[in-house]
Structure formats: C-alpha cells, structure tokens
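**Student:** I'd like to go over a predicted model; first the sequence, then the structure.
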Amino acid sequence: MAEPRSPVSASVPHTPMVLPTPEGSTLEMDPMEYTLRKRLPRKLPKRRNDVYVNMKTDFKAQLARCQKLLDAHREICIHGLGLAINRAINIALQLQTSSQGALQLAANTSTVELIDDLEPEDPDEAGEPLTRTRNNSAIHIKVFYPNP
C-alpha cells in the first residue's frame, strides 16, 4: 500500500513576485497574500455585426451566431483576444468553407493593454490593493461578401 502524499502546495517553491512601482523602483510581494482579479478589456465599439469570441461559449453556438448575422448583414467582424484568437480564426475559416468560397476574409492584428488588480487576501493587514498592466494579442477578422 502506498504512503499518502503531502499536499502539492507544500512542495511548490515559494518565489516572491517583483512589480515595478510608479516611482521607478520595484516592489517585492508574496503572491500567496494577494488574489488576482483580471479586469475586462476596455470596451471596443459594439456594432450589430460585431462578434466577440471567447473560450467559454460553445464553438458551434458561436459559429451559428456568426452565420445568422451573415444572413442579415453583408459583412461581420469577428474579434478574438488572447487564447480566443485561434477560435476566431477557425470560425472565420469555417464560415468561408461553408459558403463554398463566396465569402472573403480580411484579418488585422493588434495589441491590447489589460489591467489586473491584486487584492490582499486579508483586508485587515496593511497591504494595499495593487494594479499591474500587461499586453495581450488580439485579432479582428472582417468576413464579407465581395461586391458582384
């Protein structure tokens, strides 16, 4: 019979996180004392023919939504951020394939600045909430029927 294992957290090395401060110095913080809260990205313009792809919604449901929008509009714009970039590309290619090549695609990439909040685990302690910024890749794919 095997011996019980110790919790994984006990064997993980504990390394402090170093964050830059506005004054130009660095701040060393213990990641175990803070909770990471990811803010939503800044709102992009929302038009009726915009689709924002994510990894939580079912692929087929997002594909069906795009197809339904294409039935009503001659062009749609599919947006994907970070991990959802591959899914946005796959949806655009599936739409093009199902139209037997009648649809055309035009893709643009960009970098989006995201802000994370680091909140102290114990609100009674003197630790202040911190914020950090990071960059993430994004794609914007225009799916359209060309003019005849």
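**Tutor:** On my side now, so go ahead. Remember, it's a predicted structure, so these values are computed and weren't measured experimentally.
**Student:** with just CA atoms, put the longest strand along the chain into CSV.
**Tutor:** Secondary structure of the chain read by DSSP state E shows that its longest strand is strand 104-120. What follows is strand 104-120, C-alpha atoms only, in CSV (Å, rounded to 0.1, in the frame of the first residue of the first chain):
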residue,chain,number,x,y,z
GLN,A,104,-13.7,36.7,-48.3
LEU,A,105,-11.7,37.4,-45.1
ALA,A,106,-9.5,40.4,-44.1
ALA,A,107,-7.6,40.0,-40.8
ASN,A,108,-5.9,42.6,-38.7
THR,A,109,-3.9,42.1,-35.5
SER,A,110,-3.4,44.4,-32.6
THR,A,111,-2.1,44.5,-29.0
VAL,A,112,-4.5,45.3,-26.2
GLU,A,113,-3.4,46.7,-22.8
LEU,A,114,-5.1,44.8,-20.0
ILE,A,115,-5.2,45.8,-16.3
ASP,A,116,-5.1,43.3,-13.4
ASP,A,117,-6.0,44.1,-9.8
LEU,A,118,-4.1,42.4,-7.0
GLU,A,119,-6.2,42.4,-3.8
PRO,A,120,-4.8,41.4,-0.4
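**Student:** which helices and strands does it pack with?
**Tutor:** Applying 3 or more Cβ pairs under 8 Å, 6 or more residues apart in numbering; DSSP states H and E, one finds that strand 104-120 contacts strand 34-38, helix 85-98, strand 130-144. Yep, even glycine has a C-beta here, placed from its N, CA and C like the rest.
**Student:** any idea of the mean pLDDT in the longest one?
**Tutor:** Strand 130-144 shows a mean pLDDT of 93 in the predicted model.
**Student:** mind listing what's buried along that strand?
**Tutor:** Leu130, Ala138, Ile139, His140, Ile141, Val143, Phe144 (16 or more other Cβ atoms under 10 Å).
**Student:** of those, closest to Asn86?
**Tutor:** Set against Asn86, the nearest of the buried residues of strand 130-144 by Cβ to Cβ is Ile139 (9.2 Å).
**Student:** where does pLDDT dip in this protein?
**Tutor:** Applying pLDDT under 70 to the chain flags residues 1-32, 43-44, 123-127.
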